[in-house]
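just to be clear, the model below is a prediction. Sequence and coordinates:
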Amino acid sequence: MASDYLPLLILILLAAGFGVIAIGLPTLLGPRERNNQKLEPYESGIIPFSDARRRFPVKYYLVAMLFLIFDIEVIFLYPWAAVLRDLRLFALVAMIPFFIVLVVGFLYEWKKGALDWD
Amino acid sequence: MVETSYYLVLAAIIFTVGATGVLLRRNALIIFMCIEMMLNSVNLTLIALARQWGNLEGQIFVFMIMAVAAAEVAVGLAILIANVRHRQSINIDEINLLKW
Amino acid sequence: MDTALLFDNAVVLLPELVLAVGVMVLMMVDIGRRGQNGSQLLAGLSVAILLLGIGASVMIWGRAPVEYLDGAISDGFALSVRLVILIAGVLGVLLSRNWFPAIERQGGAFYSLHLLAVIGMMLMGTATNLIVLFIALEIFSLALYILSGFYRENARSIEAAMKYFLLGAFASTFFVYGCALLYGAGGSSKFTQIHETLATGGGNPSLVLPGIALLLVGFGFKVSLVPFHMWTPDVYQGAPTPVTAFMSVGTKAAAFAGFFRLMMTALPSFHDQWAMPLAILAVLTMTVGNLTALRQSSVKRMLAYSGIAHAGNILIALVAGTAAASSAAAFYLFAYAFMNIGAFTVTIALERQYGNENDVEQSRLAGAAERFPVLAAAMAIFMLSLSGIPPLAGFFGKFLVFKAAVEAGWAWLVVIGVLNSAVSAYYYLRIVVAMYFQQPEQAGDEKEQPFVPASRSSVFVVVVSVLAVVVIGLQPGLWADLLRGLGQ
């Protein structure tokens, strides 16, 4: 029983070891230089301009809602893709109406301007 | 192998916690979350029962519930935003135009 | 797997398929139209699609029932319920046509959702599988949440949508939990399979009763049984009146159809256990509905409580649980569709007269017969039919349901039902009395308002409803033969 978990233990050790090496080696070997640019959250990225916890436009909700709907359809595609090889034409034909409905919905939101930011 | 009844009891507890939340909380967004929690406890029930029966119907049902839950959230958020535009609040105690 | 499996017996779902394709066409037409024009075209298209759906139902009428992929069946009961829902859908679209300020701009969305709600309701009547039943319930519920909030300029409409959504989603979780437990009890999501497993002593019978209890909450909410009825008056009053008219009939027909089929094909062997709780719910629903309707001042709220009471009457048929009772329920719903939508249509016409946007107070009906003789006469017919006075359609609906219940040995329940009908006559007739025998309080003030002619489509709906209520009442046997119950 306990030996079943041995691979898991090895994996944990390997992962922890990789982390130690990846953080430890640069700390030991790398040159050290502290200046303002180095201390920013995103070095050479976009400069943060305000607190993260602020009110943001309600338009994000719209995008989130639209994303959610289309994103969740993927859960039907994964099992479908997994058995496509076995079911062959059956699965392909069964998926056509599903896709037509999705595409019609997508066209509708696109043409109705739900994806326009302004 | 863990017995099915353990899963069922756990799911029932989660469902009850969610239902209590719906009844006690006053923030509409948190009520949404509680409803999602109740749906997920149903998912757990279905998965446990599907394993017990050894057939796939319960798992298919779970997929359908997930898709429906997403659609429900989208509709709910839209209604919530429309409501906020009218009264600048998501506290359900202030939804009081219609009574008796 | 054989691809032909997908198409065998697909004719079962022909009306649903017609409507589904129709919705997609409607959406494409909507994005194709320029600017503000064409909302009348969309309304016409929706009516045409619904009529095609009726045509498709008639086409498969009377065939031997077949099942599609273990999920949907085309028996007489499913077709009867479909007919009721499609008729309610057509009348609902006709009423909405000129009602909204926003319908010019958002007609495409409105009619698409309307048709989607019809599809979901029809599926509910055909479903023979817990998964299909749940999806059908959610399709029409989600569409109705949005429709009841469609009058966005009106804070009450949005509030109605919010309440309906929060409580509806809450009730749906109970419903789906019940489905999950039934699946656990019978090891299958198919109704007949659940019945077979449990009847032969297999499965987990201990999960059945909790499952039924949870399903009861879900269904009770949808058909607004007491004590799950609190949302009904609020939503009916706040929602746009055409939507209220459609959903009061459609939701009841759909949810009762699903309820009947589930209880009578999956759980007939547990009839002894579920009949008594349902009988108690029926008594509560009729009594509370009727007594609360007595003290309403808004016509829409009064009709909402009357709808609750009618749900109690139909529940009596389910308590009886026989094939005759289910066909009586189909007849009841058929009659209810016309008289209830008719009553709401007159309400819409009166709303226009009194300049009030989304409701009519009963006190304003005083003396209405003098000013609007035709509307008042139609309203009187609908009220008499709703209260069950012979020889109108409503009477025969009640009569058939009560008869089936007595035959099944539920005489005491029928006695309570008849007593309740007597109570209900009071508030229905009060409207008739107000319209015909009372004088308006400020006569001069009322006269100054100009007469606003009702839209042509609502006149059409009133005429159709009056004719239907009278014809069904005069020839009940014809329709009772046409509308079938489960297993007939």
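Nice, I can see it.

how much space between the residue of chain A found nearest chain B and B:Ile65?
Nearest residue of chain A to chain B, counting by C-beta to the nearest C-beta: A:Ile72, 3.8 Å away. (C-beta placed from N, C-alpha, C; glycine too.) Distance from A:Ile72 to B:Ile65, counting by C-beta to C-beta, to the nearest Å: 11 Å.

higher neighbour count, the two?
B:Ile65 (25 against 18; other C-beta atoms under 10 Å in any protein chain shown).

pLDDT score assigned to the more buried one?
pLDDT, B:Ile65: 95.

run the chain-centre distance for the helix or strand containing it.
Assigned by DSSP states H and E, B:Ile65 belongs to helix B:57-87. Taking C-alpha atoms, centre = their mean, to the nearest Å, one finds helix B:57-87 lying 9 Å from the centre of the chain it belongs to.

which parts of it count as buried, going by neighbours?
For helix B:57-87, the buried set under the neighbour-count rule, 16 or more other C-beta atoms under 10 Å in any protein chain shown, comprises B:57-58, B:61-80, B:82-83, B:86.

check stretch C:102-119 too.
C:102-103, C:106-119.

quick one: mean pLDDT for the strand or helix carrying C:Ser57?
For C:Ser57, the host element (DSSP H and E) is helix C:39-59. In this model, helix C:39-59 has a mean pLDDT of 92.

equivalent analysis for stretch C:199-214, please.
91.

one more: stretch C:14-32?
Stretch C:14-32 shows an average pLDDT of 93 in the prediction.

that stretch close to chain B?
No: using C-beta under 8 Å from any C-beta of the partner chain, stretch C:14-32 stays clear of chain B, coming no nearer than 15.3 Å.

convert the C-alpha atoms of that stretch to PDB, please.
Extracted C-alpha coordinates of stretch C:14-32, given in PDB (Å, rounded to 0.1, in the frame of the first residue of the first chain):
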ATOM      1  CA  LEU C  14     -40.200  18.100 -35.000                       C
ATOM      2  CA  PRO C  15     -42.000  21.000 -33.400                       C
ATOM      3  CA  GLU C  16     -39.000  21.800 -31.200                       C
ATOM      4  CA  LEU C  17     -36.600  21.500 -34.100                       C
ATOM      5  CA  VAL C  18     -38.800  23.800 -36.200                       C
ATOM      6  CA  LEU C  19     -38.800  26.400 -33.500                       C
ATOM      7  CA  ALA C  20     -35.000  26.000 -32.800                       C
ATOM      8  CA  VAL C  21     -34.200  26.600 -36.400                       C
ATOM      9  CA  GLY C  22     -36.700  29.400 -36.400                       C
ATOM     10  CA  VAL C  23     -35.000  31.100 -33.500                       C
ATOM     11  CA  MET C  24     -31.700  31.000 -35.300                       C
ATOM     12  CA  VAL C  25     -33.300  32.500 -38.500                       C
ATOM     13  CA  LEU C  26     -34.900  35.100 -36.400                       C
ATOM     14  CA  MET C  27     -31.500  36.100 -34.800                       C
ATOM     15  CA  MET C  28     -29.900  36.300 -38.200                       C
ATOM     16  CA  VAL C  29     -32.700  38.400 -39.500                       C
ATOM     17  CA  ASP C  30     -32.300  40.600 -36.500                       C
ATOM     18  CA  ILE C  31     -28.600  41.300 -37.100                       C
ATOM     19  CA  GLY C  32     -29.300  41.800 -40.800                       C
END
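
does chain A sit close to that stretch?
Yes: Stretch C:14-32 lies within reach of chain A by C-beta under 8 Å from any C-beta, at C:Ala20, C:Met24, C:Met27, C:Met28, C:Asp30, C:Ile31.

stretch C:147-166 now?
No: for stretch C:147-166, no contact with chain A is found by C-beta under 8 Å from any C-beta; the gap never falls below 13.8 Å.

next, the buried residues of that stretch.
In terms of neighbour count (16+ other C-beta under 10 Å), stretch C:147-166 has its buried residues at C:147-152, C:154-166.

where are the low-confidence patches of the chain?
In the absence of a named chain, chain A is used. Chain A contains residues with pLDDT under 70 at A:1.

um, chain C though
Across chain C (using pLDDT under 70), the flagged ranges come out as C:1, C:35-37, C:356-357, C:441-450, C:488.

against chain A, how distant is C:Phe219?
Note on C:Phe219: its distance to chain A, by C-beta to the nearest C-beta, to the nearest Å, is 26 Å.

wait, C:Ala434
46 Å.

isn't that residue up against C:Val360?
No: counting by C-beta atoms under 8 Å, C:Ala434 does not reach C:Val360; the two are 11.3 Å apart.

so for the two, which sits in the more crowded spot?
Counted by other C-beta under 10 Å, C:Ala434 and C:Val360 do not tie: C:Val360 has more neighbours, with 23 against 19.

which residues sit in contact with the most centrally placed residue in chain A?
When C-alpha atoms, centre = their mean is applied to chain A, the residue found nearest the centroid is A:Asp71 (11.0 Å). The contact partners of A:Asp71, by C-beta atoms under 8 Å, 6 or more residues apart in numbering or on different chains, come to B:Ala70.

so what does it look like in phi/psi?
Torsion angles at A:Asp71 (phi, psi; degrees, to the nearest 10) stand at phi -60, psi -40.

on that earlier part again, can you name the element that comes right after the helix holding C:Ser57?
That would be, after helix C:39-59 and using DSSP H and E, strand C:67-68.

for that next one, what is the distance to the chain centroid?
On C-alpha atoms, centre = their mean, the centre of strand C:67-68 falls 25 Å from that of its chain.

can you check stretch C:251-264 too?
Distance of stretch C:251-264 from its chain centroid, counting by C-alpha atoms, centre = their mean, is 11 Å.

helix/strand/coil for C:Ser224?
Under DSSP: H, G, I helix; E, B strand; the rest coil, C:Ser224 falls in the coil class.

and the residue nearest to it when sequence neighbours are not counted, what element?
Using C-beta to C-beta, 6 or more residues apart in numbering or on different chains and skipping residues adjacent in sequence, the residue nearest C:Ser224 is C:Thr232, 4.2 Å away. Using DSSP H and E, C:Thr232 maps to helix C:231-238.
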